[in-house]
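**Q** What would the 3D arrangement of this be:
(one chain, ligands or ions: 2)
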Amino acid sequence: MIASDLSTALLHLRDLVDDASMIVPFTGAGISTECGIPDFRSPGGLWTKNQPIPFDAFMASQEMRDEAWRRRFAMEESFARARPGRGHQALASFYRAGKSPALITQNIDNLHQASGIRGSDIVELHGNTTYAVCLDCAKRYELSWVREKFEALGQHAPDCDCGGYIKTATVSFGQAMPPEAMQRAEELTKRCDLFLAVGSSLVVWPAAGFPLMAKRNGAALVIVNREPTEFDDLADLVVRNDIGDALGPFIAH
Ligand code: APR
Ligand code: ZN
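**A** Ligands and ions are numbered 1, 2, ... in the order given. As a prediction, the model looks like this:
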């Protein structure tokens, strides 16, 4: 059901949270917009300004790799300044209360780690943009090193000593999904009795398949998102309010 207003939504959400023995949060970019990081598909979102750089384009051309790093460094101030918002803090409260053993996220901004959830309990389906890796030998590179080289090379992407290309540790369109993360997400989705999708338009597969999988496995499905999603009629509760307003009351102080 779509809650008619915030107070009705909170009553139902409180009941579902209290009744649940295992809550699995599933987050998208919408949970980080109040932290100053734009999402992708809202008006003014990242994909309304730039086309995504598909993985094969990144691999095929130095120019695309340069553009990918230019865009990443242009975002550095927003990422570096961002702190966990009310949504992150509420989910961290469920985690500390033992209600959520782990969390699945499509986000790459490291804000769930910053909210106090252990990295090993965060399943990052699309990786993490706060560090880089070589695509051949998997060597880890810190962004400060990449940026220094990038500028010294006249805004050209540096390569690894092994000759491989260096990319943020994120998953681009057309790039293989991380198998362990997918496996862990499936295992969590099938075990939970409340699946809480927060701040995602649920349009990108295979990630968008998890709310469906949860529902099919008998879990209650809650969607907290300002815009409608394709899964709304499947959900036990849809909260079309601001995430911070909807989840803020669940922050344990
Ligand atoms: N409160 C409630 N909803 C919000 C808020 C907010 N403060 N801010 C944004 N939203 C909603 C938007 O209405 C939108 O439907 O969050 C949703 C974010 O959707 P997207 O921008 O599509 O982000 P996401 O679903 O995470 O994208 C999935 O797409 O490009 C890829 O890899 C990228 O992980 C990303 C994936
Ligand atoms: Zn290498």
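**Q** Check what pLDDT the residue nearest to I243 when sequence neighbours are not counted gets.
**A** Excluding the flanking residues, the one nearest I243 by C-beta to C-beta, 6 or more residues apart in numbering is G87, at 4.3 Å. Yep, even glycine has a C-beta here, placed from its N, CA and C like the rest. pLDDT recorded at G87 is 98.
**Q** Same question for F210.
**A** pLDDT, F210: 98.
**Q** Which helix or strand lies directly C-terminal to whichever helix or strand it is part of?
**A** Assigned by DSSP states H and E, F210 falls within helix 209-216. Tracing the chain past helix 209-216, the next element assigned as helix or strand by DSSP H and E is strand 220-224.
**Q** gap between C137 and M64?
**A** Computed as C-beta to C-beta, to the nearest Å, the C137 to M64 distance reads 21 Å.
**Q** Then L6?
**A** L6 is 43 Å from M64, by C-beta to C-beta.
**Q** still on that earlier bit, then the residue nearest to I243 would be within a helix, right?
**A** Yes. Looking at G87 with DSSP: H, G, I helix; E, B strand; the rest coil, it is inside a helix.
**Q** Show me what from this protein comes close to ligand 1.
**A** For the chain, the residues found near ligand 1 under the criterion C-beta under 6 Å from any ligand atom are 28-30, 33-34, 39-42, 45, 106, 126, 199-201, 203-204, 225-227, 242-243.
**Q** can you list contacts of stretch 70-85?
**A** 31-32, 34-38, 50, 53, 92, 109-112, 114-115, 129-130, 143, 147, 150, 155, 168, 243-244 (C-beta atoms under 8 Å, 6 or more residues apart in numbering).
**Q** same deal with stretch 113-126?
**A** Here stretch 113-126 has contacts from 83-84, 88-89, 91-92, 95-96, 101-108, 112, 170-171, 177-178, 181-182, 184-185, 188, 207, using C-beta under 8 Å, 6+ apart.
**Q** Narrow these to those in helices?
**A** Filtering the contacts of stretch 113-126 for membership in helices, criterion DSSP state H, returns H88, Q89, L91, A92, Y95, R96, H112, A181, M182, R184, A185, L188.
**Q** With adjacent residues omitted, what lies nearest to the fifth one?
**A** With C-beta to C-beta, 6+ apart as the measure, I117 is the residue that lies nearest to Y95, at 5.0 Å, once sequence neighbours are left out.
**Q** quick one, phi/psi of that neighbour?
**A** Main-chain dihedrals, I117, degrees, to the nearest 10: phi -90, psi 130.
**Q** I'd like the mean pLDDT over stretch 7-27, please.
**A** For stretch 7-27, the mean confidence score works out to 97.
**Q** should've said stretch 237-244
**A** Rounded mean pLDDT across stretch 237-244 is 98.
**Q** For that stretch, list the C-alpha coordinates in PDB.
**A** Output of stretch 237-244 as PDB, limited to C-alpha atoms (Å, rounded to 0.1, in the frame of the first residue of the first chain):
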ATOM      1  CA  LEU A 237       4.400  -0.400   2.200                       C
ATOM      2  CA  VAL A 238       5.500   2.400  -0.100                       C
ATOM      3  CA  VAL A 239       6.800   5.600   1.600                       C
ATOM      4  CA  ARG A 240       6.900   8.400  -1.000                       C
ATOM      5  CA  ASN A 241       8.500  10.900   1.400                       C
ATOM      6  CA  ASP A 242      11.900  12.300   2.000                       C
ATOM      7  CA  ILE A 243      14.200   9.500   3.200                       C
ATOM      8  CA  GLY A 244      15.600  11.600   6.100                       C
END
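**Q** Show which residues not belonging to it make contact with it.
**A** Contacts for stretch 237-244 (C-beta under 8 Å, 6+ apart): 1-3, 6, 9, 12-13, 16, 30-31, 34, 85-87, 198-199, 220-228, 232, 246.
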